[in-house]
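Engineer: give me a model of this one.
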Amino acid sequence: MYLTKMLPIVAIFMVGLLSSCQKQTDVLSPKTDVLSSTENSAITRAPVVLGIAGEYAILSKTGITNVYPSVITGDVGASPITGAAILLTCPEVTGAIHSVNAAGPPCIITIPSRLTTAVANMQTAYTDAAGRVNPDFVELGAGNIGGLTLTPGLYKWSSAVLIPTNITISGSSTDVWIFQIAQTLDVSPAVKITLEGGALAENIFWQVASTVTLGTTSHMEGIVLGKTGINMLTGSSSNGRMLAQTAVVLQMATITQP
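Structural biologist: Reported below is the predicted structural model:
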């Protein structure tokens, strides 16, 4: 009789105990998930280290062609191609022009070992940017990002990316943007990329596996890490760096090193 009366009480106690344990589990799991997500985000959004490559407004492996006049504020370099493949004139560059030999513009500075290191750093930076994991945005806009405001984070596309209308990159001076693009990047003529909220061009990285083309009079913000060529068409401009593993083509273009 006594045992029979106690069974409901024991049952109620066990339900309460299990419920309490379940509540503790529900509280701990989200905290663990949030911590993991925060740690991944911190790793993903660390700036890409450019090394000596970060001291150049333009760095190329196979040459720099030019339609006069272009305006470059910052250093220019090419390696392993000879200085003869640097077709900028001295007055177009506010900064130094570095080459592996004395060929090319008369103001050229010959520093082959430094350029070898810079090019190696450029390739390492490209690999770093391409290898970042846990993207915050995947296939945004199916590759068409015209008209968007882009918040900080890691973006990934398996397609080409087109910017047909103006976009805004919005964030603070410590925020980082990394854009992983598996095919081409095309900015349409007259399209502008603008910064908002204190965002800095030095914290924006465009990792592009194929050709980059900036249309006539368009404006780019950030550091372009190009696996192949970078083409700046007539009157286009950039607040950033053009780091190409093949050639950089300039047509009356303007680049200002951030």
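Engineer: from now on I want contacts and neighbour counts done on CA atoms only, so please keep to that.
Structural biologist: Will do.
Engineer: which SS state does Ala53 fall under?
Structural biologist: At Ala53, secondary structure determined by DSSP: H, G, I helix; E, B strand; the rest coil is helix.
Engineer: so it makes contact with Leu59?
Structural biologist: Yes - applying Cα atoms under 8 Å, one finds Ala53 in contact with Leu59, separated by 7.2 Å.
Engineer: domains in this structure, by residue range?
Structural biologist: Per automatic domain parsing, the structural domains of the chain span 1-44, 51-256.
Engineer: make TSV from those domains and add mean neighbour count and mean pLDDT to it.
Structural biologist: Converted to TSV, the domains of the chain look like this (neighbours: other Cα atoms under 10 Å; pLDDT from 0 to 100):
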stretch	mean neighbour count	mean pLDDT
domain 1-44	11	39
domain 51-256	20	98
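Engineer: once you drop chain neighbours, what's closest to Leu87?
Structural biologist: Thr65 (5.2 Å; Cα to Cα, 6 or more residues apart in numbering).
Engineer: what do Ala53 and Leu59 both touch?
Structural biologist: Common contacts of Ala53 and Leu59, defined by Cα atoms under 8 Å, 6 or more residues apart in numbering, comprise Val119, Leu243.
Engineer: name the residue closest to the centre of the protein, please.
Structural biologist: Centroid-nearest residue in the chain, with Cα atoms, centre = their mean: Phe205, separated by 1.4 Å.
Engineer: in a helix, Asp128, correct?
Structural biologist: Yes - Asp128 forms part of a helix when assessed by three-state DSSP.
Engineer: ok, it - contacts?
Structural biologist: Asp128 is in contact with Val48, counting by Cα under 8 Å, 6+ apart.
Engineer: and if we set it to 10 Å?
Structural biologist: Pro47, Val48, Val49, Leu50, Met122, Gln207 (Cα atoms under 10 Å, 6 or more residues apart in numbering).
Engineer: what's the separation between Gly143 and Leu243?
Structural biologist: 22 Å (Cα to Cα, to the nearest Å).
Engineer: what does Gly146 give?
Structural biologist: Here the distance between Gly146 and Leu243 works out to 24 Å (Cα to Cα).
Engineer: Gln180 touches Arg132, doesn't it?
Structural biologist: Yes - between Gln180 and Arg132 there is a contact at 8.6 Å, judged by Cα atoms under 10 Å.
Engineer: thanks a lot, see you next time.
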